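Kindly generate the corresponding structure for this input.
(2 chains)
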Amino acid sequence: QQQVKQSPQSLIVQKGGISIINCAYENTAFDYFPWYQQFPGKGPALLIAIRPDVSEKKEGRFTISFNKSAKQFSLHIMDSQPGDSATYFCAASTGSSNTGKLIFGQGTTLQVKP
Amino acid sequence: ETGVTQSPTHLIKTRGQQVTLRCSSQSGHNTVSWYQQALGQGPQFIFQYYREEENGRGNFPPRFSGLQFPNYSSELNVNALELDDSALYLCASSPGTGWRDNEQFFGPGTRLTVL
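This is a model prediction of the structure:
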């Protein structure tokens, strides 16, 4: 019940295309859903996050879509650029608890071809 | 504003040894969490420190221990190192506990290799 399942494992997109990464969770107590971007040899960087009381959040070219009833959320990267090539992790936590530990998905390696 | 810093960057140890990793939290942040990231995997939560007290622990054995200091910097100690401990160790700081403070900002990590 603590798992967050992420797909696909890898993704190749042409420059200018839309990259879509999906995550599913089981624990209905999760109430905070961030996405992180990680480049080789670096720590994860927070991209965008959403709470379950909204269905969509957009920041620049990045959009999170959230479906509470299906227990799924996704990251859309519009106008994908070669500089977006990285590994993306979804995560979830029970932010209302004291710990707020993040449960991460397995990651998606995105390659944007010029 | 200084981000999260970690030291050392890389470390090589042999099985059975002990290691200490260090983390300085982002300015204004009083909560530090530690994660282990094996190659090709997502980070796994080890434990969190809030105001110098352990505030939650993941599924890691007691040989993983930590400290948080009054300036909110933190240490991760691992005793009796095993080969499977080879990983990237990430420190993340956040402004506090609770969902509003749940944005966790990660440092660059310490790459530990156990031979």
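
buried set for stretch B:73-93?
B:73-76, B:78, B:81, B:85-93 (16 or more other Cβ atoms under 10 Å in any protein chain shown). C-beta here means a position set from N, CA and C on the backbone, and glycine is covered the same way.

which of those are close to chain A?
Residues shared between these and the neighbourhood of chain A are B:Leu90, B:Ala92 [Cβ under 8 Å from any Cβ of the partner chain].

partners of the helix or strand harbouring A:Leu75 in the sheet?
Element membership of A:Leu75, judged by DSSP states H and E, is strand A:72-77. Strand A:72-77 has its sheet partners listed here by DSSP bridges as strand A:19-25 (antiparallel), strand A:62-67 (antiparallel).

so what's B:Ala87 up against?
B:Ala87 makes contact with B:Gln36, B:Gln37, B:Ala38, B:Leu39, B:Leu112 under the criterion Cβ atoms under 8 Å, 6 or more residues apart in numbering or on different chains.

Next: A:Pro44.
A:Pro44 neighbours (Cβ under 8 Å, 6+ apart): A:Tyr36, A:Gln37, A:Gln38, A:Phe89, B:Pro43, B:Leu90, B:Phe106.

from these, which is closest to A:Tyr25?
The closest of those to A:Tyr25 turns out to be A:Phe89 (Cβ to Cβ; 13.3 Å).

Not counting sequence-adjacent ones, nearest residue to A:Cys23?
A:Cys90 (3.7 Å; Cβ to Cβ, 6 or more residues apart in numbering or on different chains).

what's around that neighbour, how many residues?
By other Cβ atoms under 10 Å in any protein chain shown, the residues close to A:Cys90 number 29.

repeat for A:Lys42
15.

If I look at it, what pLDDT would I see?
Each residue has a pLDDT score; the one for A:Lys42 is 92.

tell me the pLDDT at residue 52?
Looking at chain A here, since you left the chain open. At A:Pro52, the predicted lDDT confidence score is 87.

Wait, chain B was what I had in mind.
Confidence at B:Glu52, expressed as pLDDT, is 90.

Ok, A:Gly95 next?
So, for A:Gly95, pLDDT stands at 62.

Neighbouring strands of the helix or strand in which A:Pro34 is found in the sheet, and parallel or not?
With secondary structure defined by DSSP H and E, A:Pro34 is part of strand A:33-38. Paired with strand A:33-38 in the same sheet, following DSSP bridges, are strand A:45-50 (antiparallel), strand A:86-92 (antiparallel).

Can I get the first one in CSV, CA atoms only?
Included here for strand A:45-50 are C-alpha records, laid out as CSV according to Å, rounded to 0.1, in the frame of the first residue of the first chain:
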residue,chain,number,x,y,z
ALA,A,45,15.3,18.8,-8.1
LEU,A,46,11.7,19.6,-7.3
LEU,A,47,9.7,20.5,-10.5
ILE,A,48,6.1,20.8,-9.5
ALA,A,49,3.7,19.4,-6.9
ILE,A,50,0.0,19.1,-6.4
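
in that strand, what counts as buried?
In strand A:45-50, counting by 16+ other Cβ under 10 Å, buried: A:Leu47, A:Ile48, A:Ala49, A:Ile50.

repeat for stretch B:8-18
For stretch B:8-18, by 16+ other Cβ under 10 Å, it's B:Lys13.

and if you look at stretch A:55-65?
Here stretch A:55-65 shows A:Lys57, A:Phe62, A:Thr63, A:Ile64, A:Ser65 as buried, counting by 16+ other Cβ under 10 Å.
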